[in-house]
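Novice: Give the three-dimensional model of this entry:
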Amino acid sequence: MRRTKIIATVGPASSSEETLGELVTAGVDLFRLNFSHADTKTLREWAGRIRRVASQHQTEVGILADLAGPKIRIGRFRDGPVELHNGDPFTIDPNCPETDGTAECVGVSYANLPGDVSAGDRLLLADGQIAFRVESVSGTAIRCRVETGGVLSDLKGINREGGGLSAEALTEKDRRDIEVAAQLEVDYLAVSFPRDADDIKRARALLEQAGGRAGVIAKIERSEAVQNIDSILKVADAIMVARGDLAIEIGDWELAGVQKRLTRLAHEASSVVITATQMMESMVLNPVPTRAEVLDVANAVMDGTDAVMLSAESAVGHYPVRAVEAMARICVGAEKEWITSHEQGITDEPFDSVNEAIAMAAIHIANRFQIRAVATLTESGTTALLASRLRSNIPIFALTRHETTRRRVTLWRGVYPVAFDVLHANPDQLLEDAVATLRAINAVQSGDYVLFTKGDAEGIAGGTNSLKVIHIPT
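Specialist: The predicted structure is shown next:
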């Protein structure tokens with residue numbers, strides 16, 4: 001079974017029910033709704049289709065709502081794209097009319113940008129393909145010199161190398177979109193461009209105010225977020241290594257090391273990590289990935305990422321289904337070569353909870369005995385999550401009566417959701433019924449050993465306090 005989860009972004013290339021069904025069959029575990037590129041009506045339609053397709057395929061599929069955040073963009077050009085040459089003077093000015101840009105000047109969506117930059121700063125546009133050096137700031141006018149030229153078109157993003165822009169993480173649009181996300185009952189909410197833990201707390205408070213119960217993901221794409229990662233991990237349910245804007249802020253030469261460090265820190269904090277951006281970018285136009293892309297995905301898998309994500313490849317690409325199929329093959333191939341370290345994650349530190357003690361013991365036993373599967377009878381999924389933080393090749397089945405929990409675990413590496421209502425099972429044969437459920441989905445068979453975790457008081461979140469190994473009779 002593939003342990004690493006796959007997230008695919010929905011867009012014009014993938015939004016039909018037929019294609020969504022093909023993507024689920026190909027291996028998608030969660031669909032991403034990008035609130036930057038679709039209106040509310042479209043997002044509602046897509047979310048409805050995803051739920052219908054999941055029901056038709058009798059599977060659990062998560063939905064991740066990705067907020068637009070304070071992406072700073074230049075304005076539009078009066079006569080279409082302009083060509084800039086090295087050494088050309090160029091001015092960025094929020095007072096320049098939004099649709100009246102020229103080869104000498106263009107507007108910008110962030111009015112406070114002149115106060116955030118100074119002479120000597122380097123500004124990167126269009127994902128770093130074009131670079132300006134700031135020579136002076138006069139009033140609202142940021143006067144620059146082109147360092148790396150090229151063709152510049154409307155609404156391209158702009159970053160300051162090294163970070164430091166003061167734009168708030170949650171815009172007014174984000175606040176409205178959080179309400180929409182709550183109404184859609186999404187499973188995860190991704191916060192774009194957070195700087196610190198307080199940004200995540202604010203997003204969660206707004207989500208809960210709107211009646212949402214989604215997990216909150218911190219997208220790490222600002223240099224300040226990297227610096228504050230320890231506190232962010234304490235309040236976020238997951239992090240996403242969003243390598244596009246992150247690479248621009250910290251420098252692409254720093255990206256590989258930071259990605260690996262963020263993955264490791266997430267696991268140490270019993271959190272979840274997603275690796276994203278340009279993983280299979282060539283498949284927007286081509287039916288097969290490059291070897292570099294194969295290695296990129298495989299390296300993320302072998303580092304222990306919980307999920308890998310497709311963006312343009314599935315949203316607007318020519319081969320969305322092939323991209324998912326290729327990504328799934330790469331994940332399985334990398335997992336075969338993933339050397340199991342039985343001691344990884346085992347710590348000498350005291351456990352924080354009974355749940356953690358049981359989860360650690362379960363995987364410690366499973367790695368050293370012929371356990372076919374670990375099955376957690378769970379309400380919130382916490383025990384399954386904690387167990388999945390340890391390196392193991394043994395599948396973890398989260399048996400739960402809650403649909404929200406089953407969809408939540410679709411993001412966690414090596415954890416698979418199973419519908420099972422502990423409250424309607426016969427207490428005297430609870431585990432026998434659970435074994436029958438696992439046998440019905442071909443997860444186990446006669447002669448296998450299954451390790452169960454459960455609580456004495458069934459139906460209470462956080463009550464896991466025991467484990468038991470069962471041998472399925474032949």
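Novice: Can you name the next helix or strand after the helix or strand hosting Ile200?
Specialist: Ile200 is located in helix 197-209, with elements delineated by DSSP states H and E. Helices and strands here follow DSSP H and E; after helix 197-209, the next one along the chain is strand 215-220.
Novice: Touching that following strand from outside, list them.
Specialist: Residues from elsewhere that reach strand 215-220, judged by CB atoms under 8 Å, 6 or more residues apart in numbering: 64, 66, 69, 187-194, 199-200, 203-204, 207, 225-226, 229, 232, 235-242, 246, 262, 274, 408, 411. In this view, the C-beta of every residue, glycine as well, is placed from N, C-alpha and C.
Novice: Repeat that for stretch 435-447.
Specialist: Outside stretch 435-447, the residues touching it (CB under 8 Å, 6+ apart) are 372-373, 375, 395, 397, 399, 416, 418, 420, 450, 470-474.
Novice: Span of it from start to end?
Specialist: The first residue of stretch 435-447 is 12 Å away from its last residue (CA to CA, to the nearest Å).
Novice: From the contact counts, what lies against the helix holding Ile200?
Specialist: Identification of packing neighbours for helix 197-209 by 3 or more CB pairs under 8 Å, 6 or more residues apart in numbering; DSSP states H and E yields helix 172-183, strand 188-191, strand 215-220, helix 229-235.
Novice: Pull out the buried members of the contacts of strand 215-220.
Specialist: For the contacts of strand 215-220, a burial check counting by 16 or more other CB atoms under 10 Å picks out 64, 66, 69, 187-194, 199-200, 203-204, 207, 225-226, 229, 232, 235-242, 246, 262, 274, 408, 411.
Novice: what does the domain assignment say about this structure?
Specialist: For the chain, automatic domain parsing gives the domain ranges 5-69+169-335, 82-160, 354-471.
Novice: got the end-to-end distance for the longest one?
Specialist: Across domain 5-69+169-335, the terminal residues are separated by 12 Å (CA to CA).
Novice: circling back to that earlier point, out of the helices and strands packed on helix 197-209, which is closest to Asp296?
Specialist: Smallest distance to Asp296 across these (CB to CB): 17.2 Å, for strand 215-220.
Novice: From the chain's centre, how far out is the closest one? Work that out for me.
Specialist: 7 Å (CA atoms, centre = their mean, to the nearest Å).
Novice: For that strand, the averaged confidence score.
Specialist: In this model, strand 215-220 carries a mean pLDDT of 98.
Novice: ok, now stretch 237-252?
Specialist: The pLDDT scores in stretch 237-252 average 95.
Novice: measure that stretch end to end?
Specialist: 26 Å.
Novice: same question, stretch 213-227
Specialist: In stretch 213-227, first residue to last residue: 28 Å (CA to CA).
Novice: one step back: narrow the contacts of stretch 435-447 to those in helices?
Specialist: Within the contacts of stretch 435-447, no residue falls in helices by DSSP state H.
Novice: farthest residue from the center of the protein?
Specialist: Within the chain, the residue lying farthest from the chain centre (CA atoms, centre = their mean) is Thr474, at 41.8 Å.
Novice: mind checking how far it is from Arg439?
Specialist: 13 Å (CB to CB, to the nearest Å).
Novice: still on that earlier bit, of the contacts of stretch 435-447, closest to Leu33?
Specialist: Tyr416 (23.2 Å).
Novice: quick one: the strands in the stretch 1-150 of the chain?
Specialist: With DSSP state E, counting those that start in this stretch, the ranges of strands along the stretch 1-150 of the chain come out as 5-9, 30-34, 62-66, 82-84, 89-92, 105-106, 122-125, 130-138, 141-148, 150-152.
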